[in-house]
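Student: no letters, just coordinates:
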């Protein structure tokens, strides 16, 4: 019986001008969403390419300086005896000077499905130029890699994820709200019941044809997007497709439940559209607002003031400077200047590195404290996001696409660690009285992004939506007569 | 007319669907207002506290060369917009802190949204966006339910048979729907008015309330007209809802895509042109460039001396200031060009207003609240003016009190404490009124369109009666 109704419904849809119009509109919207998302991916990659070119240019200039010094064409200035007068010619072999001139790029590579989803990539820095200068001067936290129109940024990008999350359920609501009311109000229900069709048969058939049509459009658009961005990670691709199907299945069974309720056509339409407004426009924001912890902005907003206070206190007078140096030597550098070679104790240089070290510790602690608050927010959203499947599935899909905030926090953490290692390389060379020659410059370790595995967030949202789908499906599709 | 109104009042009070929708609207608005008030407090307090700490650190600087102090710089923090708690607009997505330092105009950084990046940007949770989006939608639904009542129940011929004129029916339904929406929005509006108080925020809120009620009334009227026209149609309400969703959620974003395509603007484009221009001017930290030599000759001529050492002022500080002024002019020109592209993008984005009144109202709401892109631009500009004044003062102080080549000179004690804190001009509605006009006119245009739709509906009703 279900097969017969499916055939009938397919024929109905095929002959319906409104159905065709809706399908064409959806395909056009999917194409637009793909185009917008891919455009953002291009801009993201372009910004990274530009940063790489700038760092490569700096490397070339410095390689030229090394060559000039080696050939004797350039006589570098001794930084320990320079009094500020005359031209300063940097000597990049001196570790202290190298700290200013050796530049490396820390870059967050595009997520595997960036382009299908934009997520938070518009809001946080995606690359940093690393030198052995204070961390707070390098990390312009919150500055995105690309300029986006403020109004457009606040509105959010219309990408394929937005298409799947917002537009597909609306189309489903349009197609499914009268899944049984149409026959009932058109007087066809007794006829169908007489032929042996139950309400469940009708709902299952409608769900398969109409839900299937929308799912086919969403999955096809995803497949086109995956091909266009050249994604190759099978787990991520599988997760994205599954997420799409589970989410659309959730909306299909939810709307079939409304349709099975015996509401009149207008009532069913009002409830279906009201559900869409509640679940899509109101509940995600309300849940986020309720779960958002205080103190998300404070650590970062106050970090610079704290760094300045540390700098002022460290340099308040010679005694304070000496005490700070002794403390940093003991706690961080693990060096005893009494037994170290004299060349390791460069007073002016170390005064600066003491302040840098203390400021870096202060700043990175603030950033980590902020990140911990953000992680706590994420955990709360993971725990309660299932209340609004749109929220849970969005977080899952963003996590799969590699455009989620957790990935950006991980990048920030890796940048802090890399910067610390880079700074320690300089102080190690200072204490070993070593010069950083051309070979050391060429073989300096590069930043290597360590990508996270599939996170719990990715599984929780899709998993909870799947469970809800099953639950609602069982209620909506229990066997009932068409005449109920 | 009066009898139609009395009848509508009775019927609407008995319509559980319409009353439930109105109660839902009232509850949503109250919740959003209360939660919105709490939302900004800790962020605003954090920024205020950071601004005070940074200013204290600036004042407490140990004696140092003024140009070193200019490089040390200061951070300035964006003050809250007048109605930010109920309409944050674009500000959460824009940097709230600018690091001011010598030679460089930094872009504002640390947007509040960057620390709550997980959050959705579709829909809204603040009072005004919710009033426009959810309130607008529910006003449309209420209008539709009121408009479609007779057609839905098959009682239209009966109503026509009583001899009631179309104008009276349509007017009574519109007034009834509008009154219901107004009553639903009233508790939150009154609570907000009491909390916001008077002065400029009060004026802004009064204007926002009037505009919002007009917007709700327009949507309610469109709903009434659609209800009377499509009330008997199977897809009526669903089609109206779909068109609304497209006009509020999808078409504005398509407008954004079009704006990016038609008027592209990228950070690297702007940065490249600025870098290229810098190379043409004096450089305060380079001893050898054509522009530096030209500047040196001009200064020597101005003071009537042959060498820098004979100058009565510190040439290095003058060169720093020349560098500042040249770079400032480059920034002014190139960033104004970028801003012009942004405004062009905004004009393209406005094309979405043709598809529904809500996107125009959302823009109007942001502009009335003073939380639009222009506010951010003004913050950026006032921070830059503050930077130039600060660095200029420091450079001049060094030039006038030390000799060329003397980088060890330090000013008197407490010199840095004599600088006042960054206090941008307090925004006033009368200054923002020009920004409000385009969206305000669009909303008025939609009010006329709604009125025209109601007139057409009334005429159609009369036409049916004549048949």
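Tutor: In hand now; what should we look at? Remember, predicted model here, so these are calculated numbers, not experimental data.

Student: which of the helices and strands in the chain ranks last by mean pLDDT?
Tutor: I went with chain A, as the question did not name one. helix A:181-185 (a mean of 72; mean pLDDT, DSSP states H and E).

Student: actually chain B
Tutor: Every helix and strand in chain B was compared by mean pLDDT, DSSP H and E; the lowest is helix B:156-161, with a mean of 78.

Student: could you say which helix or strand contains the nearest residue to residue A:95 once chain neighbours are set aside?
Tutor: Leaving aside its sequence neighbours, residue A:95 sits nearest to residue A:429 (Cβ to Cβ, 6 or more residues apart in numbering or on different chains; 3.8 Å). (C-beta placed from N, C-alpha, C; glycine too.) Assigned by DSSP states H and E, residue A:429 falls within helix A:405-431.

Student: contacting residues for the residue nearest to residue A:95?
Tutor: A:95, A:98, A:435-436, A:440 (Cβ atoms under 8 Å, 6 or more residues apart in numbering or on different chains).

Student: quick check: it vs residue A:437, distance?
Tutor: Going from residue A:429 to residue A:437 by Cβ to Cβ, to the nearest Å gives 10 Å.

Student: in stretch B:352-362, what counts as buried?
Tutor: For stretch B:352-362, burial by neighbour count (16 or more other Cβ atoms under 10 Å in any protein chain shown) applies to B:352-353, B:355-362.

Student: do stretch B:387-406 as well
Tutor: B:387-388, B:390-392, B:394-399, B:401-402, B:404.

Student: any chance of TSV for those, columns secondary structure and pLDDT?
Tutor: Shown next, in TSV, are those (DSSP: H, G, I helix; E, B strand; the rest coil; pLDDT from 0 to 100):
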residue	secondary structure	pLDDT
B:387	helix	94
B:388	helix	93
B:390	helix	94
B:391	helix	92
B:392	helix	91
B:394	helix	93
B:395	helix	89
B:396	helix	90
B:397	helix	91
B:398	helix	90
B:399	helix	87
B:401	helix	87
B:402	coil	86
B:404	coil	80
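
Student: pick out whichever of the residues you listed sits closest to residue A:243.
Tutor: The nearest member of those to residue A:243, counting by Cβ to Cβ, is residue B:387 at 47.2 Å.

Student: thought that closest one was touching residue B:75?
Tutor: No: at 10.8 Å, residue B:387 does not count as touching residue B:75 under the criterion of Cβ atoms under 8 Å.

Student: what touches both of those two?
Tutor: With Cβ under 8 Å, 6+ apart as the test, residue B:387 and residue B:75 both reach residue B:100.

Student: so what touches the helix or strand where residue A:440 lies?
Tutor: According to DSSP H and E, residue A:440 maps onto helix A:438-442. With contact meaning Cβ under 8 Å, 6+ apart, helix A:438-442 is reached by A:62-63, A:66, A:70, A:92, A:98, A:102, A:429.

Student: what does stretch B:436-445 give?
Tutor: So stretch B:436-445 is in contact with B:207, B:211, B:214-215, B:218, B:350, B:353, B:357, B:360-361, B:363-364, B:367-368, going by Cβ under 8 Å, 6+ apart.

Student: can I get these in CSV including distance to residue B:318?
Tutor: Below are those laid out as CSV (distance: Cβ to Cβ, whole Å):
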residue, distance to residue B:318
B:207, 50
B:211, 53
B:214, 58
B:215, 57
B:218, 61
B:350, 47
B:353, 52
B:357, 58
B:360, 52
B:361, 54
B:363, 47
B:364, 49
B:367, 43
B:368, 47
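
Student: just the ones of those residues in helices?
Tutor: With DSSP state H as the criterion, helices contain B:207, B:211, B:214-215, B:218, B:357, B:360-361, B:363-364, B:367-368 from among the contacts of stretch B:436-445.

Student: CSV for the residues you listed, including distance to chain A and pLDDT?
Tutor: Listed next are these as CSV, based on distance: Cβ to the nearest Cβ, whole Å; pLDDT from 0 to 100:
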residue, distance to chain A, pLDDT
B:207, 20, 95
B:211, 18, 96
B:214, 22, 95
B:215, 17, 95
B:218, 19, 95
B:357, 17, 95
B:360, 13, 95
B:361, 14, 96
B:363, 8, 94
B:364, 13, 95
B:367, 11, 94
B:368, 15, 95
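
Student: state the helix or strand in which residue B:48 lies.
Tutor: Assigned by DSSP H and E, residue B:48 falls in helix B:16-59.

Student: pLDDT (mean, whole number) over that helix?
Tutor: Averaged across helix B:16-59, pLDDT comes to 83.

Student: is that helix anywhere near chain A?
Tutor: Yes: using Cβ under 8 Å from any Cβ of the partner chain, helix B:16-59 reaches chain A at B:17, B:28, B:31, B:35, B:39, B:42-43, B:46-47, B:49-50, B:53-54, B:57.

Student: quick check: ChimeraX command selecting the buried ones in those residues.
Tutor: Selecting only the buried entries of the residues of helix B:16-59 next to chain A in ChimeraX, with 16+ other Cβ under 10 Å as the criterion:
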select /B:17,28,31,35,39,43,46,47,50,53,54,57
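
Student: contacting residues around residue 2?
Tutor: This is for chain A. A:201, A:204-205, A:208.

Student: quick check: nearest residue in space to the residue nearest in space to the middle of chain B, chain neighbours excluded?
Tutor: In chain B, the residue lying closest to the centroid (Cα atoms, centre = their mean) is residue B:372, at 1.5 Å. Counting by Cβ to Cβ, 6+ apart, the nearest residue to residue B:372 once its immediate chain neighbours are dropped is residue B:366, at 4.7 Å.

Student: and the one you found, how many neighbours?
Tutor: If you count neighbours by other Cβ atoms under 10 Å in any protein chain shown, residue B:366 ends up with 28.
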